[in-house]
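Trainee: Mind folding the following:
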Amino acid sequence: MEERLKPLFTPWNIGNCEIKNRIVLTSMGGTNLFGWMEKNHFDKMGARFIKEIADNNVGLVLPGCQPIYNPMLGQWLYKNKKMYKDLAKWLPEFHKTGAKLFVQLTAGFGRSFTISPFMEMLYTNKPLRVLGKPFMDLDKITAAPSPSPNRWSDKVPSREITKQEIHTMVDAFAKTAVLLKEAGVDGVEIHAVHEGYLLDQFTLKYVNKRNDEYGGSLENRYRFAVEIVQAIKKACGDDFPVSLRYSVVSKTKDFRKGALPGEKFTEVGRDMAESEIAAKYLQDAGYDCLNCDNGTYDAWYWAHPPIYMPENCNLEDVEHIKKFVDIPVICAGRLDIRTAADSVKAGKLDGAGFARQFLADREWVTKLINDREEDIRPCILCHNGCFNMCHYKGVANDQDLSDSLHLARCAVDAEVMQWNKHHIDKTNSPQTVHIVGGGIGGMEAARVLKLRGHNPIIHEKSDVLGGTFIPASAESYKGKLRDLLAWYRLQMKKMNIEIHYNDEIEDTAVFGECKVIVATGARPRILKNVSGYERMIEGCDFLNGAETGDTVAVVGGGLTGCEIAYELALKGKNVKIIEMKDDLISQKGVCLANSSYLREWFELNNVPVFLETALKQVNDSNVICVDKSGKEFTVDCDTVISCAGYIPSPIKGSKNVQFIGDCDQVGNLRTVIWGAYEAAMKI
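Mentor: Prediction:
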């Protein structure tokens, strides 16, 4: 093991619970031990994930948060006694790993509950609302400290939660904690004075307008969280550890409006001055640990950092708040492992929290210990598989039902949390399989085929593996994507995959009776209906090094166009975005944490955005556009970059051929990798 990492592999304590090292798996929805958005039960899929993490040298493991009142079917978590017995039978095997298990319990979501179009229909249609109440009581599960707008929808506002409901929930926390302690769990974590969830909403003045004992003063606003820990300690004893998920600073300007890194703003939530008092107040109330980050759902990119956020974005604030408490403090959020080790060594941090990296590679801590860092498959912070809750103008959560019900899957690992359909089956009849295209899809197909016992051969028309992922990972802030590309290239080398470079295939007939997978990607959509279209630079050409002037119009405000505009702006260019739709990044599959960062960054940095605007003509020094009313206007620029989307670009193929990735249907990295995995499993 690298010497610099050793401080992370020293023991520490939360209360009287000794933990063997400082690596913490922080909770993710979908990795739950008692099910997620379904009838509560001991969840074998979640248990498998948790056990694999524990098997790989993690000190403290926290499964996904468990609502004490299940939003689906309205069950109280403490009422199903059988699942606690099942948990008790499983825990001895877990504890053989030496890891400790804290189960995270949540009061719920309040105004942050993710509303879908179906839920809007259920709520706004009164007969349906009555009929659906036993299945999903939206009036109850979205209740907040005070009447307030939902983060996702204007059609499902939150009513004020009653004092009786608060008292019932406090009692439920205590009853649940007792059952968990009796089952052998090492502690619980309360979710959360964090991220703008229900408990946090009580503490935040812009949400909590109550005038009873749960509103107003700091003591009143934090009373709900205090009553929970006091009830648990009374029921379980002072020696039963209780951690608190805690956001140090809210980083929030208003409802649905976050504050970006470095921005000067007026905090409407918890500022640092309040946090210094609140942290000690919560410690003195009985909490044994603070598991920290920043943000709210209104500033979601702090708690779920996309690739645009800086590394260690929460660390400075967490290190600061540690000065005001005597209990251990954990930090999470784009945390660099070496920076975390330095912080622990300096006594500025107690635990290092990681989440999505465990989806990408459950063995990454073991690989670090064994000096195999190059074999760690990196998380690229895309949220495509784990949290693709998508929101843009005019929609609630634009997300497939399958994704809503099955969180904590991973774009770069097709297997995690869906082992029932994605798993390696060894073949009994090894075959030579030709793969046309050496991009990510082609390499993933080759990797899975090789693991199954087949002989894959990649035919790549260029002299390097990567395909369109090379320009897709070219922006300055996309180091994690370049790490993934390096990982795939290394796997091809280590697995001795046969690769034919500079080998362009035009028709799969050349392979005769052999099985073929075609992964030739897509080609750019050219706006030939635009006069002067030939003056434009295509997005991939720019990413591959094409030069631009100082004033650049980006045509197309989807994710690709916005990321290119962001890169240009970071380089000091004067950027303007032209988009036909009524919002930027108006596309399914892009998490709100990612899209809201870019939208708000453009607004903060005064990047001109022309929505509901069509491009008509490209000239040497400007473009002519048409707004939604049909009025023409000009936008000055010396360069135009086209990001108008892509069209599948397959080659000829007939029998024994599978088309995967963008050459079949244009999607994202998740659709490419999962499709390649599934194609390789069919052979």
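Trainee: Setting aside sequence neighbours, what's the nearest residue to Glu567?
Mentor: Glu475 (4.3 Å; CB to CB, 6 or more residues apart in numbering). Where you see a C-beta, it was placed from the backbone N, CA and C, and this is true even at glycine.
Trainee: Report how many residues lie close to that neighbour.
Mentor: The local packing of Glu475 (other CB atoms under 10 Å) involves 20 other residues.
Trainee: elements contacting the lengthiest helix in the chain?
Mentor: Across the chain, the helix with the greatest residue count (assigned by DSSP state H) is helix 163-183. With contacts taken as 3 or more CB pairs under 8 Å, 6 or more residues apart in numbering; DSSP states H and E, helix 163-183 sits against helix 81-95, strand 100-106, strand 187-193, helix 223-236.
Trainee: Just the strands from the stretch 301-450 of the chain, written as ranges.
Mentor: 329-332, 351-354, 432-436 (DSSP state E, counting those that start in this stretch).
Trainee: typed the wrong thing, it's the stretch 501-650 of the chain
Mentor: Going by DSSP E, counting those that start in this stretch, the stretch 501-650 of the chain shows strands at 515-518, 522-524, 537-538, 551-555, 574-578, 609-610, 614-618, 622-626, 632-636, 639-642, 646-648.
Trainee: so which of the strands of the stretch 301-450 of the chain is the most packed in?
Mentor: Highest mean neighbour count among these (mean count of other CB atoms under 10 Å): strand 329-332, with a mean of 27.
Trainee: In terms of secondary structure, what does it contact?
Mentor: Packed next to strand 329-332, using 3+ CB pairs under 8 Å, 6+ apart, are strand 289-293, helix 315-322, strand 351-354.
Trainee: Could you single out the most deeply buried of the ones you listed?
Mentor: Of the helices and strands packed on strand 329-332, strand 289-293 is the most buried (mean count of other CB under 10 Å), at a mean of 29.
Trainee: The stretch 451-600 of the chain: helices as residue ranges?
Mentor: With DSSP state H, counting those that start in this stretch as the definition, the stretch 451-600 of the chain shows helices at residue ranges 469-472, 479-494, 539-543, 559-570, 592-604.
Trainee: list the buried ones in the second one?
Mentor: Put plainly, it is helix 479-494. Lys480, Leu481, Arg482, Asp483, Leu484, Leu485, Trp487, Tyr488, Arg489, Gln491, Met492 (16 or more other CB atoms under 10 Å).
Trainee: who touches it?
Mentor: The contact list for helix 479-494, computed with CB atoms under 8 Å, 6 or more residues apart in numbering, reads 307, 374-381, 412, 440, 443-444, 446-447, 458, 465-466, 469-470, 472-473, 499.
Trainee: Please export the C-alpha coordinates of that helix as PDB.
Mentor: Listed next in PDB are the C-alpha coordinates belonging to helix 479-494 (Å, rounded to 0.1, in the frame of the first residue of the first chain):
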ATOM      1  CA  GLY A 479     -10.500  13.600 -16.200                       C
ATOM      2  CA  LYS A 480     -12.700  10.800 -14.800                       C
ATOM      3  CA  LEU A 481     -13.800   9.900 -18.300                       C
ATOM      4  CA  ARG A 482     -10.300   9.800 -19.500                       C
ATOM      5  CA  ASP A 483      -9.600   7.400 -16.600                       C
ATOM      6  CA  LEU A 484     -12.400   5.100 -17.800                       C
ATOM      7  CA  LEU A 485     -10.900   5.100 -21.300                       C
ATOM      8  CA  ALA A 486      -7.500   4.200 -19.900                       C
ATOM      9  CA  TRP A 487      -9.100   1.400 -17.800                       C
ATOM     10  CA  TYR A 488     -10.800  -0.100 -20.900                       C
ATOM     11  CA  ARG A 489      -7.600   0.100 -22.900                       C
ATOM     12  CA  LEU A 490      -5.700  -1.600 -20.000                       C
ATOM     13  CA  GLN A 491      -8.200  -4.400 -19.700                       C
ATOM     14  CA  MET A 492      -7.900  -5.100 -23.400                       C
ATOM     15  CA  LYS A 493      -4.100  -5.400 -23.000                       C
ATOM     16  CA  LYS A 494      -4.300  -7.500 -19.800                       C
END
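Trainee: for that helix, what is the average pLDDT?
Mentor: Across helix 479-494, the average pLDDT comes to 98.
Trainee: how distant is it from the center of its chain?
Mentor: 21 Å (CA atoms, centre = their mean, to the nearest Å).
Trainee: what does stretch 557-568 give?
Mentor: 20 Å.
Trainee: sorry, back to before: are any of the contacts of helix 479-494 buried, and which?
Mentor: Counted by 16+ other CB under 10 Å, those give 307, 376-381, 412, 440, 443-444, 446-447, 458, 465-466, 469-470, 472-473, 499 as buried.
Trainee: who's in contact with stretch 582-590?
Mentor: 383-384, 388, 390, 392-394, 398-400, 557-559, 562, 577, 579, 594-595, 598-599, 602, 609, 611-612, 667-668, 670.
Trainee: Can you flag the buried ones in these?
Mentor: 383-384, 388, 390, 392, 398-399, 557-559, 562, 577, 579, 594-595, 598-599, 602, 609, 611, 667-668, 670.
Trainee: Any chance you could spot the residue sitting in the middle of the protein?
Mentor: Central residue of the chain (CA atoms, centre = their mean): His383, 3.7 Å from the mean position.
Trainee: Leaving out chain neighbours, which residue sits closest to that one?
Mentor: For His383, ignoring the flanking residues on the chain, the nearest one in space by CB to CB, 6+ apart is Cys591 at 3.5 Å.
Trainee: try Glu182
Mentor: Glu182 sits nearest to Tyr84 (CB to CB, 6+ apart), 7.1 Å away.
Trainee: Could you report the neighbour count for Gln587?
Mentor: 18.
Trainee: do the one 3 residues further on as well
Mentor: Using other CB under 10 Å, Val590 has 26 other residues around it.
Trainee: per-residue confidence at it?
Mentor: 97.
Trainee: ok, it to Pro378 distance?
Mentor: 20 Å (CB to CB, to the nearest Å).
Trainee: got it, and Pro92?
Mentor: For Pro92, the distance to Pro378 - CB to CB - is 34 Å.
Trainee: Asp550 now?
Mentor: 34 Å.
Trainee: same thing with Tyr488?
Mentor: Between Tyr488 and Pro378 the distance is 11 Å, computed by CB to CB.
Trainee: Quick check: nearest residue in space to Phe659, chain neighbours excluded?
Mentor: Nearest non-adjacent residue to Phe659, counting by CB to CB, 6+ apart: Val518, 4.8 Å away.
Trainee: Okay, and the beta partners of the one you found?
Mentor: Counting by DSSP bridges, Val518 forms beta bridges with Val436, Phe659.
Trainee: For it, list the residues it contacts.
Mentor: Val436, Gly437, Thr508, Pro650, Ile651, Gly653, Val657, Gln658, Phe659, Ile660, Cys663.
Trainee: for these, which one is nearest Asp288?
Mentor: Ile660 (49.5 Å; CB to CB).
Trainee: Relative to the centre of the protein, find the outermost residue for me.
Mentor: Outermost residue of the chain (CA atoms, centre = their mean): Gly512, 43.4 Å.
Trainee: which ones are touching Cys65?
Mentor: Ser27, Gly29, Asn32, Gln104, Leu105, Thr106, His191, Ala192.
Trainee: Tell me if I'm right that the last one and Gln201 touch.
Mentor: No - with contact taken as CB atoms under 8 Å, Ala192 and Gln201 are classed as non-touching, separated by 10.4 Å.
Trainee: Among the two, which residue is more densely surrounded?
Mentor: A direct count of neighbours by other CB under 10 Å for Ala192 and Gln201 places Gln201 higher, at 29 against 25.
Trainee: didn't His95 look like it was pressed against Ala88?
Mentor: No - look at His95 against Ala88 with CB under 8 Å: they stay out of range, at 11.3 Å.
Trainee: got any residues that touch both of these two?
Mentor: What both His95 and Ala88 touch, as defined by CB under 8 Å, 6+ apart, is the set Gly184.
Trainee: Any idea how many residues pack against Ile660?
Mentor: Based on other CB under 10 Å, the number of other residues close to Ile660 is 29.
Trainee: where along the stretch 1-150 of the chain do the helices fall?
Mentor: Using DSSP H, counting those that start in this stretch, helices in the stretch 1-150 of the chain cover 44-55, 81-95, 117-124, 126-132, 138-141.
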